[in-house]
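**Q** Model the structure of this input:
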Amino acid sequence: MSELTSEFMSAAPSPMHGFPTICTPRGPVPEAAPDWNPQRSSSMPSHRYRSAFDRVDIPLTGRSWPQARIGRAPLWVPVDLRDGNQALSEPMDTPRKRRMFDLLVAMGFKEIEVGYPSASRTDFDFVRHLAESGAVPDDVTVVVFTPARAELIERTFESVAGMSRVVVHLYIPTAPVWRDVVLGRSRAEVHGVVRDAGRLMDRLARARPDADIRFEFSPEVFILTEPDYVLEICNSLTELWDASPDRPVIHNLPATVEIATPNVYADQIEYMHRHLDRRESVILSVHPHNDRGTGVACAELAVLAGAQRVEGCLFGNGERTGNVDLVTLALNLHAQGVDPMIDFSDIDEIRRTVEHCNRLPVPPRHPYGGDLVYTAFSGTHQDAISKGFAHRAGSDSELWSVPYLPIDPADVGRTYEAVIRVNSQSGKGGIAHLLRNNHGVDLPAGMRADFSRTVQEATDDSGLEATPEDLWKLFEATYLTPGRDGSVALASWSAEGGPAGECRFVCTLRADGREGDYEGTGGGAVSAFTDALEGAGVKVTVLDFAEHGASGGTVTAYAECRVGDRVCWGAGQDASGVAASAAAVLSAVNRARV
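**A** Predicted coordinates:
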């Protein structure tokens, strides 16, 4: 155990949050800090790291990417079967790889990186499986990955024998630390290795004139490599491979390790976009990772800066913090009115397949695909969403505009039932929405706050979420049962109209253990019933009343009543509107008399 760890574990918990005192920043407040910002210097050794601007000089002025807009989807290239797979603690076997490949094809991906065939027999065998099984559709191009070593390039070409559409992806480390520490070679020496590898690839491809074999090059850790050096290598390969518009070369510029803010990456991509030779014969590709948590932003800004192709993984699997997430990227476009050109209409099946193949869960808060991303617990959110749905139901517009829901959950195969869920943080609007959508109970505005307090008390006590069925049971116990078997009960009744619209209500009531026959009159059934109740010694004033029908012929009635010095809501249900109304009044009476 290190000295620091020992001190951390033995430190006394702080009185406020239980954190060891070693975590409390003890440094001074910076001199330039305003009075409203009392944050102190931390104990972390941030001085050991350099800004990205100190590492790479980006000779770019007059940026165009800040004003650009994404009007069409780039070419998406999933690397789940190579980069994503090599990051798994349990790499996929052939059946799982095949299931992932079939999913990617079904979703509409047209270029798929399928493996690193020179790295392992499993990868080689899977590429051969695709070649020999006829699993690759005619309009899908497979990509295979290889380092710049002759024997591994030859092995890679062996793996794709018989395939008609292939991209062979060459990579080599080019960043200064990698050149010096990993390869031990100069800029010129690394460039020489790349050119030798490029010549071999060209010769092997020419030996197969029946196949459409194109080339891709990645200068590893592009984001840390001198721009002029990357440009030098890329332009030399463009010339060596004689790139043309009908046989373009792919220059893939990876943020292999994300070390800068996304605008820095965008500047680097725009620099390359402006200066690459034979630009119309080059597909400018990016491969962001997510070390800083900004992989999606890096990819989007790179597309604004001129990138035409994006490599990533479904749900962001990959080394360390992962590759950029293609699900988020594509559905971000969808949410902006741009066709992502990939089908996400059954996001749950996509997620289940990816979880099965990767043996990794997708977090419940993951954008677009997580269990909870179309769910609201907060009362203010629930109320806004409920009103948004109601407004949309009465609108002829096709445009989606519902608060807190950037896309229609139905677009990705989600249902509305799970949009609003209830816990102790929930409000009356969300609770009312769930009762209305799941049980046809449309609470009056005043009753929503009353029932919300009951729900909050129940969820505070349990600490758990309340399902729609839980809400219904709670509603039933709170409002419907008291009117059925309370201290005041209706044994029998009849009602009939009288002169001038007057209603006559005749009933047998049991009140406080005594039973008797009573009669009341009023301008309607409710007032006639309360008149009958008064004859039985139960004084009731109805303050608010509402009712509605539902499918199946059931009527639900709601009544807010003053009984003595208490005001309570009640509810009743029956096939008869009069019976439902009487039951609602009795529910309020019995709740008030408790």
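**Q** any idea which helix is longest in this protein?
**A** Of all the segments of type helix in the chain, defined by DSSP state H, the longest one is helix 187-206.
**Q** Just the buried positions in that one, please.
**A** Burial within helix 187-206, assessed by neighbour count using 16 or more other CB atoms under 10 Å, is assigned to 187, 190-191, 193-194, 197-198, 200-202, 204-205. Every C-beta, even on glycine, is put in place using the N, C-alpha and C of the backbone.
**Q** ok, now stretch 565-573?
**A** Applying a neighbour-count criterion of 16+ other CB under 10 Å, one finds 567-573 buried in stretch 565-573.
**Q** how about that stretch as PDB, C-alpha atoms only?
**A** The C-alpha atoms that make up stretch 565-573 are tabulated as PDB, following Å, rounded to 0.1, in the frame of the first residue of the first chain:
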ATOM      1  CA  ASP A 565     -64.300  21.900   8.900                       C
ATOM      2  CA  ARG A 566     -62.500  19.500   6.600                       C
ATOM      3  CA  VAL A 567     -62.300  19.600   2.800                       C
ATOM      4  CA  CYS A 568     -61.500  16.300   1.000                       C
ATOM      5  CA  TRP A 569     -61.600  14.900  -2.500                       C
ATOM      6  CA  GLY A 570     -63.400  11.700  -3.400                       C
ATOM      7  CA  ALA A 571     -63.900   9.500  -6.500                       C
ATOM      8  CA  GLY A 572     -66.300   6.900  -7.700                       C
ATOM      9  CA  GLN A 573     -66.700   4.600 -10.600                       C
END
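**Q** Can you name the residues in contact with that stretch?
**A** When contacts are defined by CB atoms under 8 Å, 6 or more residues apart in numbering, stretch 565-573 is touched by residues 441, 446-447, 450-451, 475, 479-480, 482-483, 543, 554-561, 579-592.
**Q** re earlier: quick one: name whatever helix or strand follows the longest helix of the chain.
**A** Towards the C-terminus, the helix or strand next in line after helix 187-206, according to DSSP states H and E, is strand 212-220.
**Q** quick one: buried residues of that following strand?
**A** Neighbour counts over strand 212-220 (16+ other CB under 10 Å) mark 213-220 as buried.
**Q** rewinding a little: list the ones among the contacts of stretch 565-573 that fall in strands.
**A** Restricting those to those inside strands, with DSSP state E as the criterion, leaves 543, 555-561.
**Q** Just send those back as a markdown table, with neighbour count too.
**A** Shown next, in a markdown table, are these (neighbours: other CB atoms under 10 Å):
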| residue | neighbour count |
| --- | --- |
| Leu543 | 14 |
| Val555 | 20 |
| Thr556 | 24 |
| Ala557 | 25 |
| Tyr558 | 25 |
| Ala559 | 32 |
| Glu560 | 21 |
| Cys561 | 26 |
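**Q** Show me which pair in these is furthest apart.
**A** Using CB to CB, the ones in strands among the contacts of stretch 565-573 span at most 20.4 Å, a distance reached by Leu543 and Val555.
**Q** Am I right that Gly570 falls within a helix?
**A** No. Looking at Gly570 with DSSP: H, G, I helix; E, B strand; the rest coil, it is strand, so not inside a helix.
**Q** That one and Lys387, how far apart?
**A** Applying CB to CB, to the nearest Å, the value for Gly570 to Lys387 is 26 Å.
**Q** What of Ala131?
**A** Distance, Ala131 to Lys387, by CB to CB: 56 Å.
**Q** who has more neighbours, those two?
**A** In this view Ala131 and Lys387 are compared by other CB atoms under 10 Å, and Ala131 has more residues nearby, 19 against 14.
**Q** List the contacts of the more buried one.
**A** Neighbour list for Ala131: 159-163 [criterion: CB under 8 Å, 6+ apart].
**Q** cutoff 10 Å now
**A** Taking CB atoms under 10 Å, 6 or more residues apart in numbering as the contact definition, Ala131 lies against 114, 142, 159-164, 166.
**Q** pLDDT below threshold where in the stretch 51-200 of the chain?
**A** By pLDDT under 70, the weakly predicted segments of the stretch 51-200 of the chain are 51-56, 60.
**Q** Mind jotting down where the helices sit in it?
**A** With DSSP state H, counting those that start in this stretch as the criterion, the stretch 51-200 of the chain has helices at 52-55, 85-86, 94-107, 121-133, 150-159, 176-177, 187-206.
**Q** relative orientation of the fifth one and helix 187-206 in degrees?
**A** Here the directions of helix 150-159 and helix 187-206 differ by 30 degrees (axes from the mean of the first three to the mean of the last three CA atoms, to 10 degrees).
**Q** what angle sits between helix 150-159 and helix 121-133?
**A** Interaxial angle, helix 150-159 versus helix 121-133 (the same axes, to 10 degrees): 30 degrees.
**Q** Any buried residues in helix 150-159, and which?
**A** Within helix 150-159, the residues that qualify as buried by neighbour count (16+ other CB under 10 Å) are 152-153, 156-157, 159.
**Q** could I get that helix in PDB with only the CA atoms?
**A** Coordinates of each C-alpha in helix 150-159 appear next as PDB, following Å, rounded to 0.1, in the frame of the first residue of the first chain:
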ATOM      1  CA  ALA A 150       5.600  -6.500 -44.600                       C
ATOM      2  CA  GLU A 151       4.800 -10.000 -43.200                       C
ATOM      3  CA  LEU A 152       1.600  -8.600 -41.500                       C
ATOM      4  CA  ILE A 153       0.500  -6.800 -44.600                       C
ATOM      5  CA  GLU A 154       0.800 -10.100 -46.600                       C
ATOM      6  CA  ARG A 155      -1.100 -11.900 -43.900                       C
ATOM      7  CA  THR A 156      -3.800  -9.300 -44.100                       C
ATOM      8  CA  PHE A 157      -4.200  -9.700 -47.900                       C
ATOM      9  CA  GLU A 158      -4.400 -13.500 -47.500                       C
ATOM     10  CA  SER A 159      -7.400 -13.000 -45.200                       C
END
